[in-house]
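K.L.:
below are the sequence and a predicted model; questions follow.
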Amino acid sequence: MHGRDPFLPASVEQNVLTLKAYLVTIAMPLMFLSALIPEMRRTGRKLIDAREQDVAASVEKLHDDVVQQLVLIGLEVKDLRPDSSWEIRLGKLYDRVSSVSKATRDLSHDLHPFALRYVGLARALRSLCRQTGGATSITINFAEENVPPLATDVSLCLYRIAQEALQNVAKHSHAHSASVELRVQNGQALLRIVDDGVGMSPEQHRIGGMGLAGMRERVMALDGTLKITSATQ
């Protein structure tokens, strides 16, 4: 580089000193970034934990609602008398039971972190695929390979990502089929989700949304990588 910008025509010794100064100038912000990135990851984990606590609070509220409805059902049953209009009252009771049933299904769906603890990530993902496919017209296949018990935070991260991705497939892709693949190789977990939908435009891929941003945050917090490709790009 002797004689070329930013090393002006000068002696080699002077250019060596200039190079050293140049490298020091670059090294300082890189050192700052190397200290900042771990802190950003720790902050990301704290934000994710806070969101999970919010979910737990919502589940608790839903649980309270279920308990209240069960109490009302008990009162309805207790108040049934032979001289009452039992057809109408039983109809109301049936509606309330149906409401409790739906709330309970929603509750068990939101309580999946506990399911992860007891049945493992693979079975939880298989159940998620089955539930999502049953609620839509999309055929969702699940496959696993060499999946040992994973750390709780890793399992929760992968489950949440699969949940968000399948929701996007159901809402936006117009897909007929999708597949979810989970495997562990060389100590690394790989989750691959594919659908035959319309894909994303380059602008949509660049901007993304809250769902994609949340997926990236979760993966980065665990030193992982997220890759999204689309046939429309």
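P.N.:
Nice, I can see it.
K.L.:
which residue packs closest to A170, ignoring adjacent ones?
P.N.:
Spatial nearest neighbour of A170, excluding adjacent residues (Cβ to Cβ, 6 or more residues apart in numbering): T136 at 4.9 Å. Just so you know, the C-beta spots here come from the backbone N, C-alpha and C atoms, and that holds for glycine as well.
K.L.:
ok, now R183?
P.N.:
Per Cβ to Cβ, 6+ apart, closest to R183 is E145, 3.8 Å.
K.L.:
residues near V194, how many?
P.N.:
Counted with other Cβ atoms under 10 Å, residues neighbouring V194 total 15.
K.L.:
now the closest residue to it other than its chain neighbours: how far from A189?
P.N.:
In space, and not counting its chain neighbours, V194 is closest to S179: 5.1 Å by Cβ to Cβ, 6+ apart. According to Cβ to Cβ, to the nearest Å, S179 and A189 sit 17 Å apart.
K.L.:
neighbour count: the two, which is higher?
P.N.:
Set side by side, S179 and A189 show more neighbours around A189, with 20 against 15, by other Cβ under 10 Å.
K.L.:
just say helix, strand or coil for the more buried one.
P.N.:
The three-state label given to A189 by DSSP: H, G, I helix; E, B strand; the rest coil is strand.
K.L.:
ok, it touching P149?
P.N.:
No. In this structure A189 lies outside contact range of P149 using Cβ atoms under 8 Å: 11.4 Å.
K.L.:
tell me which residues of the strand or helix carrying the residue nearest to V194 are tucked away?
P.N.:
For S179, the host element (DSSP states H and E) is strand 177-185. Within strand 177-185, the residues scored as buried using 16 or more other Cβ atoms under 10 Å are A178, V180, L182, V184.
K.L.:
returning to what we had before: so the residue nearest to V194 makes contact with A143?
P.N.:
Yes. At 7.1 Å, S179 and A143 qualify as touching, with contact defined as Cβ under 8 Å.
K.L.:
so N168 makes contact with M215?
P.N.:
No. Counting by Cβ under 8 Å, M215 is not a contact partner of N168; they are 9.6 Å apart.
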